[in-house]
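K.L.:
Mind looking at a prediction? Sequence and model below.
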Amino acid sequence: MSSLVTRDAYMGMVGKEVGVSSWHKVDQKRIDVFADATEDHQFIHIDPERAARETPFGATIAHGFLTVSLLSVFSYEALPKIDGVAMGVNYGFDKLRFVSPVKAGSQVRGRFTLTEAKMRSPKELLSRTSVSVEIDGESKPALVADWLGLMYFA
């Protein structure tokens, strides 16, 4: 569970790693459910036998957008909570790259470094977080991104 910090303490964390989530399994069931939700049923995601035969991965792989969507759970676990924040919203990405595929059965986690935190108004904070999604046992991450968030104070 993440810690509660003041706004000033959070803004003082710029340039520092602010959290690492726990490992989360990306199994075939999770991939299949995501395929159904997004209507992306490409065989590289949902057909283990064909993916093993016809792809360089040797197994099915998670959708890139599934990996991106896991950033939410990673952030809830790893990022500090700021005292007085009424709500936070996803503001998007300035950079997002899929570096390595996440094979079915892999474990992944998020690693976060706060790179910017500035007040856009007295009640609105913009944060930029450099995030990587690590794959257990792999040298390269699944993805790297600059993730933007807006926090609104009560």
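P.N.:
Noted; the coordinates are in hand.

K.L.:
what's the helix or strand for the residue of the chain most remote from its centre?
P.N.:
Outermost residue of the chain with respect to the C-alpha centroid, by C-alpha atoms, centre = their mean, is Arg53; its distance is 29.7 Å. If you go by DSSP states H and E, Arg53 is part of helix 48-54.

K.L.:
tell me the SS of Ser72?
P.N.:
Of the three states, Ser72 takes helix according to DSSP: H, G, I helix; E, B strand; the rest coil.

K.L.:
Partner strands of the longest strand along the chain, with direction?
P.N.:
Determined from DSSP state E, the single longest strand within the chain is strand 106-121. Partners of strand 106-121 in the sheet, by DSSP bridges, are strand 17-20 (antiparallel), strand 24-26 (antiparallel), strand 124-135 (antiparallel).

K.L.:
I'd like the mean pLDDT over it, please.
P.N.:
Averaging pLDDT along strand 106-121 yields 98.

K.L.:
Just the CA trace of it, in CSV.
P.N.:
Taking Å, rounded to 0.1, in the frame of the first residue of the first chain, the C-alpha atoms of strand 106-121 are listed here in CSV:
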residue,chain,number,x,y,z
SER,A,106,4.6,-13.8,-17.4
GLN,A,107,4.7,-11.7,-14.3
VAL,A,108,5.0,-7.9,-14.7
ARG,A,109,5.3,-4.9,-12.4
GLY,A,110,5.5,-1.1,-12.7
ARG,A,111,8.4,1.1,-11.7
PHE,A,112,7.8,4.8,-11.3
THR,A,113,10.0,7.9,-11.2
LEU,A,114,8.4,11.3,-10.7
THR,A,115,9.9,13.6,-13.4
GLU,A,116,7.7,16.7,-13.0
ALA,A,117,5.1,18.1,-10.6
LYS,A,118,3.7,21.5,-11.0
MET,A,119,0.7,23.4,-10.0
ARG,A,120,-1.4,24.5,-12.9
SER,A,121,-3.8,26.4,-10.6
